[in-house]
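# Need a 3D model of the sequence below.
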Amino acid sequence: MSETVESVWDYPRPPIVVPSSEHVVIELDGVVIVDTERSLRVLETSHPPVYYVPADAIAPGVLRPVAGTTWCEFKGAASYVDVVGVDGRVVPRAAWHYPEPAAGFEALVGHVAFYPGRMDRCSVDGETVTAQPGDFYGGWITSKVTGPFKGTPGTDRW
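Just a heads-up that it's a prediction; the model follows:
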């Protein structure tokens, strides 16, 4: 039996939040800092899914708030955090969250998204994730999604 492959071009705009029971694991400095089967996926046209994990699934002491926000036309103001490894290494602005998301995205409260390319390894159901191209978007590419994906040069107006 083959798995269903989702095209990011079938995802909606504006995006939606979908609960996921997929097994999400995030590693930094050889340590698992997230291990959960209770994530949320944000699905948006042209973007691979962004996984938001519940804050209580993140190892204590890993996140350190930093100043500054960015604005999403759909979700509102995103706040950023540095991610701190067990050896004290700081990965700047490696994750973000929406403390007060816009209407329709309230489910994101208490959840954090990580840039997969800034961590040592992120996986979904045992498959290592490839980071969405570019340095702004935080999509997680697996064999379950197909593009082309926004983020490569020339796609900023998609």
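# show me what contacts residue 123?
23-25, 129 (Cβ atoms under 8 Å, 6 or more residues apart in numbering). C-beta coordinates here come from the backbone N, C-alpha and C atoms, glycine included.
# what's the distance between it and residue 50?
According to Cβ to Cβ, to the nearest Å, residue 123 and residue 50 sit 15 Å apart.
# before we move on, back to that, adding distance to residue 153, write the contacts of residue 123 out as a markdown table.
Converted to a markdown table, the contacts of residue 123 look like this (distance: Cβ to Cβ, whole Å):
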| residue | distance to residue 153 |
| --- | --- |
| 23 | 33 |
| 24 | 29 |
| 25 | 31 |
| 129 | 21 |
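# nearest residue to residue 107 other than its sequence neighbours?
residue 17 (4.8 Å; Cβ to Cβ, 6 or more residues apart in numbering).
# which SS class is the one you found?
strand (DSSP: H, G, I helix; E, B strand; the rest coil).
# Can you get me a residue count around it?
Neighbourhood size, residue 17 [other Cβ atoms under 10 Å]: 19.
# where does the chain dip in pLDDT?
1-2, 157-158 (pLDDT under 70).
# Now do the helices in it.
Using DSSP state H, no helices are found in the chain.
# hang on, residue 91 packs against residue 85?
Yes. Here residue 91 reaches residue 85: they are 7.2 Å apart, a contact under Cβ atoms under 8 Å.
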